[in-house]
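Trainee: need a 3D model of the following:
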Amino acid sequence: MEIILFILTAIGTLAGVISALAAIWQNTKKGSDKKKLLKQEIFITQKEKQEKQIKSKRINETQPQCYQQKNTQITKQKIDEIANYLPYSINRKKQIERMAACLRNRISNPIWLIHGDYNQCIDEFLHCIRLFHWKHIYPNIGTSSPEIIQFNYPDAKNAVHFEYELYQNIWMRLNNENEKNDLPLDTNFKIDKNHIFKSLNTNKGVPTILYTKIIMKDWNKSLFLRLTQLSAYLNSSEREPKILCILIIYNNFGPFYKRLFSKKNKIIKALNKYCDEFQNIPQLSDVIKEDVIDWFIVQYGFPKRDEVDDFFSNPSIPMQELAKKIKTNYDMKSIAKNY
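Mentor: Numbers count the residues shown, from 1 in each chain. Take a look at the predicted model:
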């Protein structure tokens with residue numbers, strides 16, 4: 001009887017030991033599973049992070065610097081402005097590179113000649129320079145985006161009247177368009193040109209683009225050369241570049257044979273003649289499909305190739321037509337908030 005009792009006690013003790021060992025094993029297994037799960041989560045997180053970094057690096061390496069975004073807090077007014085001009089920022093890389101070269105090579109009295117057909121949106125391109133491209137054009141530390149000032153091109157065709165109207169228009173523009181503010185004269189009763197530009201030249205620390213537009217029908221080579229003389233009165237410096245910018249807009253309509261012998265070809269020939277003296281920016285031309293795909297990669301993170309294909313019935317389209325399609329089909333304000 002005592003032997004049976006001893007055996008039963010031993011079996012009970014052994015069962016307790018086995019139960020305890022089983023509990024320890026279960027806890028160890030759970031801990032191991034948790035560690036494996038944690039390691040797996042960490043691995044997945046790191047992998048996702050690496051993939052994002054690779055994607056970001058690829059975009060930044062393949063796109064022009066002028067398109068790269070930055071996250072800053074901006075006002076509603078600024079968002080509206082960026083949203084309005086963003087579709088016109090699609091690749092104008094050749095023009096931007098030439099502008100940058102101009103300021104590297106000639107910081108004193110720089111002149112930009114920007115020309116293109118009416119449907120290439122030259123005015124909008126100038127604002128894209130201010131909003132998106134300036135840091136690529138002029139990457140000097142400490143310089144802010146430029147102030148853009150437009151003055152009216154004179155209606156006068158006579159050289160003497162042209163010069164008077166030219167300085168009158170600039171004087172009015174720089175003095176808040178106060179028509180009663182007569183042109184300043186020097187002691188010889190001639191136009192005091194230095195005084196006209198005095199307020200502009202004392203604008204500390206702000207780059208300036210002073211520009212006007214010449215429509216093709218108003219082109220006159222001798223008056224154009226008089227216009228370029230304005231740059232001599234702009235005190236441009238490394239910290240405060242002041243650029244005279246002349247926009248030339250071609251309204252080239254009609255049959256091919258008329259366009260072939262139009263004023264446009266004469267203007268382009270004249271601009272090429274003076275390209276050593278002034279910075280003749282490559283003509284703004286139609287946008288090709290790959291330019292648009294690059295732009296979508298930057299803005300959305302992927303190319304949207306099928307949607308871009310729908311934009312193009314020809315190999316290239318004018319900027320005006322493209323910008324209208326983008327504004328119609330996409331919410332530019334949502335993108336503008338990331339700038």
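
Trainee: which stretches in the chain count as strands?
Mentor: Along the chain, counting by DSSP state E, strands occupy 111-117, 147-150, 208-215, 242-250, 279-280, 287-288, 316-317.

Trainee: so Q320 sits against D123, correct?
Mentor: No. At 11.1 Å, Q320 does not count as touching D123 under the criterion of CB atoms under 8 Å. C-betas here are computed from N, CA, C, even on glycine.

Trainee: doesn't D286 make contact with I317?
Mentor: Yes. Judged on CB under 8 Å, I317 makes contact with D286 at a distance of 5.8 Å.

Trainee: can you tell me the closest non-neighbouring residue to I129?
Mentor: I137 (6.6 Å; CB to CB, 6 or more residues apart in numbering).

Trainee: residues contacting the one you found?
Mentor: 66, 96, 99-100, 103, 129 (CB atoms under 8 Å, 6 or more residues apart in numbering).

Trainee: so E307 sits against N329, correct?
Mentor: Yes. Counting by CB under 8 Å, E307 touches N329, with 7.5 Å between them.

Trainee: which of the two has more neighbours?
Mentor: Counted by other CB atoms under 10 Å, E307 and N329 do not tie: E307 has more neighbours, with 14 against 10.

Trainee: which residues does that one contact?
Mentor: Contacts of E307 by CB under 8 Å, 6+ apart are 296, 329.

Trainee: and the gap between it and K289?
Mentor: 11 Å (CB to CB, to the nearest Å).

Trainee: then R104?
Mentor: 32 Å.

Trainee: with K135 instead?
Mentor: For K135 relative to K289 (CB to CB), the value is 27 Å.

Trainee: likewise for S108?
Mentor: 40 Å.

Trainee: who has more neighbours out of the two?
Mentor: K289 (16 against 13).

Trainee: contacts only, for that one.
Mentor: K289 neighbours (CB under 8 Å, 6+ apart): 308-309, 311-312, 315-316.

Trainee: if I look at it, what pLDDT would I see?
Mentor: We have a pLDDT of 94 for K289.

Trainee: can you get me a residue count around the nearest residue to K337 once chain neighbours are set aside?
Mentor: Spatial nearest neighbour of K337, chain neighbours left out: I79 (5.9 Å); criterion: CB to CB, 6+ apart. By the measure other CB under 10 Å, the count of residues near I79 is 18.

Trainee: tell me who's in contact with I79.
Mentor: If you count contacts by CB under 8 Å, 6+ apart, then I79 has 333, 336-337 around it.

Trainee: of all these, which comes closest to E240?
Mentor: E240 has its nearest neighbour among the contacts of I79 in A336, at 28.4 Å by CB to CB.

Trainee: which residues touch that closest one?
Mentor: 74, 78-80, 82-83, 86.

Trainee: what separation do you get for it and W112?
Mentor: 26 Å.

Trainee: and N235, by the same measure?
Mentor: Counting by CB to CB, the gap from N235 to W112 is 17 Å.

Trainee: same check on S236?
Mentor: 12 Å.

Trainee: also D123?
Mentor: 14 Å.

Trainee: likewise S231?
Mentor: 10 Å.

Trainee: so what sits against both of these two?
Mentor: Joint contacts of S231 and W112 (CB under 8 Å, 6+ apart) are L244.

Trainee: who has more neighbours out of D123 and W112?
Mentor: Taking other CB under 10 Å, D123 and W112 do not tie; W112 has more neighbours (22 against 15).

Trainee: surely that one touches C245?
Mentor: Yes. Using CB under 8 Å, W112 is in contact with C245, at 4.5 Å.

Trainee: where does the nearest residue to D80 once chain neighbours are set aside land on pLDDT?
Mentor: Nearest residue to D80, sequence neighbours excluded (CB to CB, 6+ apart): K333, at 7.2 Å. Note for K333: predicted pLDDT of 89.

Trainee: find the residues that touch each one of S236 and W112.
Mentor: With CB under 8 Å, 6+ apart, S236 and W112 have common neighbours I243.

Trainee: for stretch 93-106, buried residues please.
Mentor: 93, 95-100, 102-103 (16 or more other CB atoms under 10 Å).

Trainee: start and end of stretch 116-126, how far apart?
Mentor: Stretch 116-126 has its terminal residues 13 Å apart, counting by CA to CA, to the nearest Å.

Trainee: for the strands of the chain, which has the smallest mean pLDDT value?
Mentor: strand 279-280 - the lowest mean pLDDT of the strands of the chain, at a mean of 80.

Trainee: parallel or antiparallel, list what pairs with that strand.
Mentor: Strand pairing for strand 279-280, determined by DSSP bridges: strand 111-117 (parallel).

Trainee: identify the farthest-apart pair in the contacts of I137.
Mentor: C66 and L103 (14.3 Å).
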